[in-house]
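In: Any chance you can model this:
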Amino acid sequence: MSRVGGSPINIPDGVTIDLADGIISAKGKNGEISMPVPPMVKVSIDDGVATVTPLQTNQKGRALWGTARSLVNNMVTGVSTGFTKNLTIHGVGYRAQMQGTRLVLSLGYSHPVEMEVPQGVKCSVENNTQVNLSSHDKQLLGQFASEVRAKRPPEPYKGKGVRYEGEQILRKEGKKK
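Out: Numbers count the residues shown, from 1 in each chain. Below is the predicted model of the structure:
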(Lines give C-alpha, C1' and ligand atoms only; values in the text may rest on other atoms or scores of the structure.)
Protein backbone atom coordinates (compact mmCIF):
# COMPACT_ATOMS: atom_id res chain seq x y z
CA MET A 1 0.00 0.00 0.00
CA SER A 2 1.20 3.48 -0.82
CA ARG A 3 1.35 5.81 2.14
CA VAL A 4 1.77 8.84 -0.10
CA GLY A 5 -1.00 7.90 -2.52
CA GLY A 6 -3.63 7.47 0.18
CA SER A 7 -3.56 11.06 1.42
CA PRO A 8 -5.93 13.53 -0.26
CA ILE A 9 -4.78 16.73 -1.99
CA ASN A 10 -6.38 19.91 -0.66
CA ILE A 11 -7.00 22.42 -3.44
CA PRO A 12 -6.53 26.01 -2.16
CA ASP A 13 -8.72 28.96 -3.17
CA GLY A 14 -7.77 30.46 -6.53
CA VAL A 15 -6.68 27.12 -8.00
CA THR A 16 -8.84 25.23 -10.47
CA ILE A 17 -8.23 21.65 -11.56
CA ASP A 18 -9.78 20.24 -14.71
CA LEU A 19 -9.81 16.62 -15.81
CA ALA A 20 -10.67 15.91 -19.46
CA ASP A 21 -9.66 13.16 -21.90
CA GLY A 22 -6.99 11.72 -19.60
CA ILE A 23 -5.30 15.12 -19.17
CA ILE A 24 -5.27 16.86 -15.80
CA SER A 25 -4.57 20.60 -15.75
CA ALA A 26 -4.17 23.04 -12.89
CA LYS A 27 -4.56 26.78 -13.22
CA GLY A 28 -3.70 29.40 -10.59
CA LYS A 29 -2.10 32.77 -10.01
CA ASN A 30 1.39 31.54 -11.03
CA GLY A 31 0.42 29.91 -14.31
CA GLU A 32 -0.99 26.75 -15.80
CA ILE A 33 0.35 23.19 -15.91
CA SER A 34 -1.07 20.07 -17.51
CA MET A 35 0.00 16.45 -17.70
CA PRO A 36 -1.47 13.13 -18.81
CA VAL A 37 -2.91 10.94 -16.07
CA PRO A 38 -0.98 7.66 -15.76
CA PRO A 39 -3.00 4.74 -17.19
CA MET A 40 -3.31 2.66 -14.00
CA VAL A 41 -4.70 5.35 -11.68
CA LYS A 42 -7.90 7.35 -11.43
CA VAL A 43 -8.05 10.97 -10.27
CA SER A 44 -11.28 12.31 -8.80
CA ILE A 45 -12.02 15.88 -7.75
CA ASP A 46 -14.76 16.60 -5.18
CA ASP A 47 -15.40 19.73 -3.06
CA GLY A 48 -11.89 21.19 -3.19
CA VAL A 49 -10.17 17.84 -2.57
CA ALA A 50 -8.47 15.67 -5.18
CA THR A 51 -7.89 11.97 -4.56
CA VAL A 52 -5.89 9.44 -6.52
CA THR A 53 -6.86 5.76 -6.49
CA PRO A 54 -5.25 2.78 -8.26
CA LEU A 55 -7.30 0.94 -10.87
CA GLN A 56 -5.27 -2.26 -10.41
CA THR A 57 -3.71 -3.59 -7.24
CA ASN A 58 -0.67 -5.09 -8.93
CA GLN A 59 2.83 -3.77 -8.33
CA LYS A 60 2.80 -1.31 -11.25
CA GLY A 61 -0.57 0.15 -10.24
CA ARG A 62 0.51 0.68 -6.63
CA ALA A 63 3.80 2.25 -7.75
CA LEU A 64 2.05 4.71 -10.07
CA TRP A 65 -0.48 5.56 -7.35
CA GLY A 66 2.03 7.41 -5.15
CA THR A 67 3.83 8.92 -8.13
CA ALA A 68 0.63 10.30 -9.66
CA ARG A 69 -0.46 11.73 -6.32
CA SER A 70 2.90 13.50 -5.90
CA LEU A 71 2.77 14.91 -9.43
CA VAL A 72 -0.74 16.29 -8.95
CA ASN A 73 0.23 17.75 -5.58
CA ASN A 74 3.29 19.42 -7.17
CA MET A 75 1.03 20.91 -9.86
CA VAL A 76 -1.33 22.37 -7.23
CA THR A 77 1.52 23.70 -5.10
CA GLY A 78 3.31 25.17 -8.13
CA VAL A 79 0.36 27.17 -9.47
CA SER A 80 -0.59 28.42 -6.00
CA THR A 81 2.71 29.21 -4.24
CA GLY A 82 5.47 28.17 -6.65
CA PHE A 83 8.90 26.64 -6.09
CA THR A 84 12.32 28.24 -5.58
CA LYS A 85 15.90 27.01 -5.73
CA ASN A 86 18.89 29.11 -4.73
CA LEU A 87 22.43 28.47 -5.97
CA THR A 88 25.60 29.95 -4.51
CA ILE A 89 28.87 30.35 -6.37
CA HIS A 90 32.13 29.93 -4.42
CA GLY A 91 35.58 30.68 -5.79
CA VAL A 92 37.88 33.59 -6.54
CA GLY A 93 36.69 35.32 -9.70
CA TYR A 94 33.60 33.13 -10.04
CA ARG A 95 30.50 35.23 -10.70
CA ALA A 96 27.15 35.30 -12.45
CA GLN A 97 25.09 37.98 -14.18
CA MET A 98 21.92 38.24 -16.20
CA GLN A 99 22.00 39.58 -19.78
CA GLY A 100 18.40 39.73 -20.95
CA THR A 101 17.12 36.15 -20.79
CA ARG A 102 20.60 34.63 -20.60
CA LEU A 103 22.50 33.65 -17.47
CA VAL A 104 26.21 34.36 -17.97
CA LEU A 105 28.57 32.52 -15.63
CA SER A 106 32.30 33.16 -15.15
CA LEU A 107 33.52 29.90 -13.65
CA GLY A 108 37.26 29.87 -14.25
CA TYR A 109 37.12 28.69 -17.84
CA SER A 110 38.78 30.58 -20.69
CA HIS A 111 35.33 31.74 -21.83
CA PRO A 112 32.10 32.80 -20.10
CA VAL A 113 29.41 30.11 -19.89
CA GLU A 114 26.11 31.40 -21.31
CA MET A 115 22.85 29.60 -20.60
CA GLU A 116 19.41 30.44 -21.95
CA VAL A 117 16.89 30.55 -19.09
CA PRO A 118 13.91 28.35 -20.06
CA GLN A 119 10.51 29.93 -20.47
CA GLY A 120 8.59 29.48 -17.23
CA VAL A 121 11.65 29.94 -14.99
CA LYS A 122 12.44 33.31 -13.42
CA CYS A 123 16.10 33.94 -12.71
CA SER A 124 17.73 36.74 -10.71
CA VAL A 125 21.30 37.30 -9.55
CA GLU A 126 22.27 38.96 -6.27
CA ASN A 127 25.79 40.05 -5.28
CA ASN A 128 27.25 38.31 -8.36
CA THR A 129 27.37 35.01 -6.43
CA GLN A 130 23.74 34.24 -5.53
CA VAL A 131 21.47 32.85 -8.29
CA ASN A 132 17.77 32.69 -7.37
CA LEU A 133 15.52 30.52 -9.54
CA SER A 134 11.73 30.29 -9.23
CA SER A 135 9.02 28.58 -11.26
CA HIS A 136 5.60 27.00 -11.06
CA ASP A 137 6.91 23.79 -12.66
CA LYS A 138 9.00 21.78 -10.18
CA GLN A 139 10.50 19.46 -12.80
CA LEU A 140 11.61 22.29 -15.10
CA LEU A 141 13.08 24.24 -12.17
CA GLY A 142 15.05 21.27 -10.85
CA GLN A 143 16.33 20.39 -14.31
CA PHE A 144 17.63 23.91 -15.01
CA ALA A 145 19.19 24.23 -11.53
CA SER A 146 20.94 20.90 -12.09
CA GLU A 147 22.27 22.06 -15.48
CA VAL A 148 23.66 25.28 -13.92
CA ARG A 149 25.32 23.30 -11.12
CA ALA A 150 26.81 20.83 -13.63
CA LYS A 151 28.77 23.62 -15.36
CA ARG A 152 31.18 23.65 -12.38
CA PRO A 153 30.25 21.21 -9.59
CA PRO A 154 31.84 21.89 -6.19
CA GLU A 155 35.21 20.23 -5.82
CA PRO A 156 36.14 18.49 -2.55
CA TYR A 157 39.49 20.16 -1.79
CA LYS A 158 38.70 23.88 -1.71
CA GLY A 159 34.92 23.75 -2.18
CA LYS A 160 35.00 25.95 -5.28
CA GLY A 161 32.11 25.71 -7.70
CA VAL A 162 28.33 26.09 -7.95
CA ARG A 163 26.27 24.52 -5.18
CA TYR A 164 22.71 24.52 -3.94
CA GLU A 165 22.08 26.78 -0.97
CA GLY A 166 22.59 24.75 2.20
CA GLU A 167 24.32 21.86 0.38
CA GLN A 168 27.06 20.20 2.42
CA ILE A 169 30.24 19.45 0.48
CA LEU A 170 32.34 16.58 1.79
CA ARG A 171 35.81 18.09 2.07
CA LYS A 172 39.01 16.11 1.64
CA GLU A 173 42.34 16.70 3.28
CA GLY A 174 45.01 18.01 0.92
CA LYS A 175 48.41 16.57 0.13
CA LYS A 176 50.73 16.02 3.12
CA LYS A 177 54.44 16.76 3.12
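In: CA only for contacts and neighbour counts going forward, please
Out: Will do.
In: Next secondary structure after the lengthiest helix in the chain?
Out: In the chain, ranked by residue count with DSSP state H as the criterion, the top helix is helix 59-80. Note on helix 59-80: by DSSP states H and E, the next helix or strand toward the C-terminus is strand 83-90.
In: Now do that following strand: which elements does it pack against?
Out: Applying 3 or more CA pairs under 8 Å, 6 or more residues apart in numbering; DSSP states H and E, one finds that strand 83-90 contacts strand 130-135, helix 138-150, strand 161-164.
In: counting contacts, what elements does the very next helix or strand once past that strand pack onto?
Out: Counting by DSSP H and E, the next helix or strand C-terminal to strand 83-90 is strand 95-99. Helices and strands touching strand 95-99, as assessed by 3+ CA pairs under 8 Å, 6+ apart, comprise strand 102-106, strand 121-126.
In: Pick the most buried one from those.
Out: Mean neighbour count (mean count of other CA atoms under 10 Å) peaks for strand 102-106 among these, with a mean of 19.
In: Next, the angle from it to strand 121-126.
Out: Here strand 102-106 runs at an angle of 40 degrees relative to strand 121-126 (axes from the mean of the first three to the mean of the last three CA atoms, to 10 degrees).
In: Let me see the contact set for C123.
Out: With contact taken as CA atoms under 8 Å, 6 or more residues apart in numbering, C123 is in contact with 103, 117, 131-134.
In: G66: which of those is nearest?
Out: S134 (25.2 Å; CA to CA).
In: partner residues bridging the closest one?
Out: Residues found in beta-bridge contact with S134 (criterion: DSSP bridges) are T84, K122.
In: Report the spatially nearest residue to E32, omitting neighbours in sequence.
Out: The shortest distance from E32 to any non-neighbouring residue, by CA to CA, 6 or more residues apart in numbering, is to A26 (5.7 Å).
In: What are the buried residues along stretch 160-177?
Out: 160-164 (16 or more other CA atoms under 10 Å).
In: And it, how far out from the chain middle?
Out: Computed by CA atoms, centre = their mean, to the nearest Å, the chain-centroid distance of stretch 160-177 equals 24 Å.
In: for stretch 94-101, same thing?
Out: 21 Å.
In: Show me the contact partners of that stretch.
Out: Stretch 94-101 is contacted by residues 89, 103-108, 116-117, 124-125, 128-131, 161 when judged by CA under 8 Å, 6+ apart.
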